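In: My questions are about this predicted structure, shown below with the sequence.
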4 protein chains.
Amino acid sequence: MLIVMHHHASQEQIDQVIAAVEAMGFKAEPIPGSLRTAIGVLGNQGYVDDASIRILPGVRETIHVSKPYKMVSRDFHPASTVVDVAGVRFGDGQKPVVIAGPCSIETEEQMLAAAQQVKSAGAQMLRGGAFKPRTGPHSFQGLGLEGLKYLQQAGKASGLPVVTEVMRIEQLEVICRHADMLQIGARNMQNFDLLKEVGKTGHPVLLKRGMSATIEEFLAAAEYILAEGNEQVVLCERGIRTFEKSTRNTLDLSVVPLIREMSHLPIIVDPSHATGKRALVPVMGKAALIAGAHGLMIEVHPNPAKALCDGAQSLSGADFSALMEEFSGLLKYLGH
Amino acid sequence: MLIVMHHHASQEQIDQVIAAVEAMGFKAEPIPGSLRTAIGVLGNQGYVDDASIRILPGVRETIHVSKPYKMVSRDFHPASTVVDVAGVRFGDGQKPVVIAGPCSIETEEQMLAAAQQVKSAGAQMLRGGAFKPRTGPHSFQGLGLEGLKYLQQAGKASGLPVVTEVMRIEQLEVICRHADMLQIGARNMQNFDLLKEVGKTGHPVLLKRGMSATIEEFLAAAEYILAEGNEQVVLCERGIRTFEKSTRNTLDLSVVPLIREMSHLPIIVDPSHATGKRALVPVMGKAALIAGAHGLMIEVHPNPAKALCDGAQSLSGADFSALMEEFSGLLKYLGH
Amino acid sequence: MLIVMHHHASQEQIDQVIAAVEAMGFKAEPIPGSLRTAIGVLGNQGYVDDASIRILPGVRETIHVSKPYKMVSRDFHPASTVVDVAGVRFGDGQKPVVIAGPCSIETEEQMLAAAQQVKSAGAQMLRGGAFKPRTGPHSFQGLGLEGLKYLQQAGKASGLPVVTEVMRIEQLEVICRHADMLQIGARNMQNFDLLKEVGKTGHPVLLKRGMSATIEEFLAAAEYILAEGNEQVVLCERGIRTFEKSTRNTLDLSVVPLIREMSHLPIIVDPSHATGKRALVPVMGKAALIAGAHGLMIEVHPNPAKALCDGAQSLSGADFSALMEEFSGLLKYLGH
Amino acid sequence: MLIVMHHHASQEQIDQVIAAVEAMGFKAEPIPGSLRTAIGVLGNQGYVDDASIRILPGVRETIHVSKPYKMVSRDFHPASTVVDVAGVRFGDGQKPVVIAGPCSIETEEQMLAAAQQVKSAGAQMLRGGAFKPRTGPHSFQGLGLEGLKYLQQAGKASGLPVVTEVMRIEQLEVICRHADMLQIGARNMQNFDLLKEVGKTGHPVLLKRGMSATIEEFLAAAEYILAEGNEQVVLCERGIRTFEKSTRNTLDLSVVPLIREMSHLPIIVDPSHATGKRALVPVMGKAALIAGAHGLMIEVHPNPAKALCDGAQSLSGADFSALMEEFSGLLKYLGH
């Protein structure tokens, strides 16, 4: 940590800061400058809570060099992690994984049709939401337990592992029995109690980036899961909230290479939620693969026009087959 | 809802959209323009899920006129709601309420001292966090149940009702026994299962705006609580996330008059979290009162320099006393 | 400046950075930490261009302690500046100034009526746009030179100094002859050539914050004007662009106390452009005064329903008179 | 345009709005709903200024269906425009163009070396800044006219057309004589007078997206140039300002396919400014090509460690050669 003093800070104020740092058990190293003095903090083993420093008289700001995460960082875990979901592998050296399926589980027939379509087109995993986070309480909230059964059944029929979103801790046990991977949605990325409990299950986790989460916060959220002993975490970029409203969110594709450098965890991209527009999904999916994504998550619905949720961003089975052929060519070009 | 067709949409495409709207049980009213045709949707009783419309050929965009909430809206509930927390009243016609206390509960002594300080300075409610949402797992996470006891004890000793944050559903029962009001933090504003369960308790709720929540999403989150039969909801603006980093968040004070116009629920302001800077708390607190806030939430710590959390934005007891005197003058000027 | 090395940076890489810093004529002070080494840069007289450092192998990031401005900073100019516009004074110790008038100058009669209305209501300065920055080329672009004459005439008739926006350098001479103060609009805040030329005129300047300008960039833009020898600069907060669209912009009121602390220049607030809603202008205007603004800029139009520009946020003459009475009471309360 | 009335609007208020619309020469079509009435405006040939409507009693909001641009829209100009810069062609059906060179022109030798390097690596155009927009006045502002000469000379020596930024109208004539294409930087995207004058020159223009410009504003800025009779405009996405600070800006790659659909103008991407990190330039450049960009703009410096500007995001000549080989493979895969 670096403590920057005000231009007019007195020597007494500087001494007081040094004393406070030393009282915390660290070493303080003053760096006098021509305009102001800065004080380096040495000897900390990680992130320092600067609350007691920032408020001392004469302190202008504190600058953190350490980060609020460690276990997810490549600094301390250089080897890339491969996440294995019932035989489907995400990570460096693996062929990128395509997860596909409808936003929400609606009927047994819909799920079986969707599973068959995405399987025959070449997807490696099946998605479907049984518990749906909706902005208002008057929208369709998902089929719940009944939906989970349809999902599991469709997964078995097609031979695809399945992933579904978990929204509350009490659902964890039953979802772990029905699904191969647990999804934490963007709105729950900082639901820290849920993260801890998901960590304890040991089940593979798909952690979506919060709508306005910085990369630092995103990695710190994953750290909650790893801190409970669960390293089977796949990160997912799904667009961030910005001033631009012509797409549903702003796909922040640069985080893919950045997170690959900062963390050993795999990162995938969800172009369906990021753009909210069916016509943009294929092109942004391919861009994500070029950017180094370890996989993609794509909404496919047997009949998008009848979808109860997110129809505008869902591909039909036929669209998805065509897209998978495009991906296939691109992946060959990329050496997979 | 209004459906806007592309410039080159064919009559056949327009007819298909009209048929789809009618199939949903609504009336479609075409509005031919010189550049493009728009189609009005009539007869809906609320928000229409446009998924099946947006994807039809020739549709450029759909525009919602209805909102994803209704019960929180002044349109359907013109009279202002007054929320009563053990005799402390928030709402139109009431003197603005000041809630004060430390960010996190640290020791029995700290809480008793804080309660005594804020009480004698004139605060009407006491705050303190027993369960703390922290960005990373390696920061202090709160004292938990032990903290709740200190809080309740300090509330009783000072005669102040208490509010504390709830982060998981299993905590609800015990927190309801120890606290007079439940706080939903910014990170959990869209933890919809928590909102529903909080709604079922009937306990007064303090709902903080999410970091990147629009007003529409904020009100829709409150709608989850009201939809369970609980109207005792106080909204709280605490700053939003923007590009500007010189304050911890950007205090969006304009929402105070706007929400007073749109909703019948009371709205308060938290200048401590919004600014993150102790020196800005008094001035922005006064600005919030002028803007029409029904109350303020202010961090006060007996010894900010030793605070385990958010010390930089906490006032000392003496600072807070001085501030309450300023508020007192301003409230008199405002007719309270 | 502080240079933070990667966790795995070698001693050789550290030495190379030290050598590069010394080659720039500064002193380098290594601060070894348990996780990584940081290197302090000493001896610089201001902002250091870090281009040649950031790209050296082993460097993770550089952190600036100095700022890209100096003359606008209170650090180097502790006494508050008072800006004098033909006898109207902005700054500490002065009564806050209200500038009022229409968004755009439309006719001679409109300007005379507006001037008379705002003068009789108690405004100290008159505004009106002759050259209008409009999003698209097909909207009304202002009356130009003819408008300037109407403005000057209305100013003389009412005895109020006038301010108007300048959009191009060639207009400077004629605008200086017709107006007492030059306004730089939000879209031109980083039109650096215009800033320099405005600086050379010596005329008082009203500099509006750019839509997505940080405080640092805002102050650095003012620095361009001061660097040409012109200290007569009034800053103006007019809302920033965020994800929230229920107001035209997000009024960032916390910058008022912050800028008062960081800079010696006066700062005023434009609640009309910030909110875009007539109903919010009075309340946010009062909040700005409480927050310490040295003045307000308010759109007033004799007939808002017929305004060619921004009618929705303009007050009528009668509304404005009522508002000035409210301000008057508040200013008395504030000791003016 | 659609006018949405308040829930409680009276019939009299509705009639008043209808009268106002008809007074503007348009037709008003009321659409009564169960919750509120909306009024469609018909007969307008383009964007309607809603100022006089929005402020009528009972009006909740107005919704625009028309856009503030027309000439740049594919609706009215379906055929894709190809921009020709001294024989180098940008647009549909053309091989994507790579523009490369240093951020700023520093010396004759540097420009000649850069030109030779980027030419031999396969770039089709040369860039270099003679007039530099810098946040603060104390940073290097560019070599000015002398720099222009070095640029032109380097262009001639290498046979590459050159592009350079124009910051003020008086520079236009001399820059047109020295450069083949005029660049409008992000900070000047809404410097409307500059846009108009650039339009009058007829010279090809590279228009960069403003830091916080919506797509609508970006296209409306281009409309200013086309409205003066100059269709030779290439758009450039260079990252937008968001809350995320781990990259210099947030590259909004989804606008590439979106703008290709909305407009007939070519669009290129600048991954250097968007990311601000040398290591991300190659991967995001390739992602941009996959996303359909008609070209790329890349910073290359003979000696990035000595660059006076933006060294951290500049590639060396050797890096750039390697990158061009990667591009070459990808372009072949894409059919070029």
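Out: It's in.
In: Would you double-check that residue A:3 falls in a strand?
Out: Yes: assigned with DSSP: H, G, I helix; E, B strand; the rest coil, residue A:3 falls within a strand.
In: That one pairs with what?
Out: With DSSP bridges as the criterion, residue A:3 is bridged to residue A:39, residue A:62.
In: Spit out the contact partners of it.
Out: A:17, A:21, A:38-41, A:50, A:53, A:59, A:62-63 (Cβ atoms under 8 Å, 6 or more residues apart in numbering or on different chains). The C-beta positions use only the backbone N, C-alpha and C, and glycine is treated the same way.
In: which one of those residues sits closest to chain C?
Out: Nearest to chain C among the contacts of residue A:3 is residue A:40, at 4.0 Å by Cβ to the nearest Cβ.
In: Can you tell me how far that closest one is from residue A:146?
Out: Look at residue A:40 and residue A:146: by Cβ to Cβ, to the nearest Å, they are 59 Å apart.
In: And for the closest residue to residue A:87 other than its chain neighbours, the neighbour number?
Out: Nearest residue to residue A:87, sequence neighbours excluded (Cβ to Cβ, 6 or more residues apart in numbering or on different chains): residue A:161, at 7.2 Å. Residues near residue A:161, counting by other Cβ atoms under 10 Å in any protein chain shown, number 20.
In: Wait, residue A:161 touches residue A:155, no?
Out: Yes: with contact defined as Cβ atoms under 8 Å, residue A:161 reaches residue A:155; the gap is 6.5 Å.
In: Are there residues contacting both of the two? Which ones?
Out: Shared contacts of residue A:161 and residue A:155 (Cβ under 8 Å, 6+ apart): A:126, A:180.
In: more crowded one of residue A:40 and residue A:146?
Out: Each of residue A:40 and residue A:146 has its neighbours counted (other Cβ under 10 Å); residue A:40 has more, 24 against 13.
In: Which of the helices or strands spans residue A:299?
Out: Using DSSP states H and E, residue A:299 falls within strand A:295-299.
In: Stretch A:293-308 close to chain B?
Out: Yes: using Cβ under 8 Å from any Cβ of the partner chain, stretch A:293-308 reaches chain B at A:304-308.
In: Checking the residue in the stretch 1-150 of chain A that chain D sits nearest to next. Helix, strand or coil?
Out: Residue nearest to chain D within the stretch 1-150 of chain A (Cβ to the nearest Cβ): residue A:67, separated by 11.2 Å. Reduced to three states with three-state DSSP, the structure at residue A:67 is coil.
In: Burial check on it, number of neighbours?
Out: As a burial measure, residue A:67 scores 20 neighbours (other Cβ under 10 Å).
In: Also residue A:183?
Out: By other Cβ under 10 Å, the residues close to residue A:183 number 23.
In: just the one 4 residues further on next, same as before
Out: Other residues lying near residue A:187 total 23 when counted by other Cβ under 10 Å.
In: ok, for it, nearest residue in space, not its chain neighbours?
Out: Nearest residue to residue A:187, sequence neighbours excluded (Cβ to Cβ, 6+ apart): residue B:190, at 3.9 Å.
In: Test my guess that the one you found contacts residue B:214.
Out: No: the pair residue B:190 / residue B:214 is not scored as a contact, 11.4 Å apart, by Cβ under 8 Å.
In: These two - which one has more neighbours?
Out: Set residue B:190 next to residue B:214 and count neighbours by other Cβ under 10 Å: residue B:190 wins out with 26 against 19.
In: give me every residue that touches that one.
Out: A:133, A:135, A:187-188, B:210, B:213, B:217, B:221.
In: Let's see that with 10 Å instead.
Out: A:133-135, A:185-188, A:191, A:210-211, B:184, B:210, B:213, B:217-218, B:220-221, B:224 (Cβ atoms under 10 Å, 6 or more residues apart in numbering or on different chains).
In: Domain boundaries for chain A, per the record?
Out: Domain segmentation of chain A under automatic domain parsing yields A:2-63, A:83-333.
In: Apart from its neighbours in sequence, what residue is nearest the residue of the stretch 51-200 of chain A at minimum distance from chain C?
Out: Nearest to chain C, among the residues of the stretch 51-200 of chain A, is residue A:75, at 4.0 Å (Cβ to the nearest Cβ). Distances taken as Cβ to Cβ, 6+ apart put residue C:7 closest to residue A:75, at 4.0 Å, once the chain neighbours are dropped.
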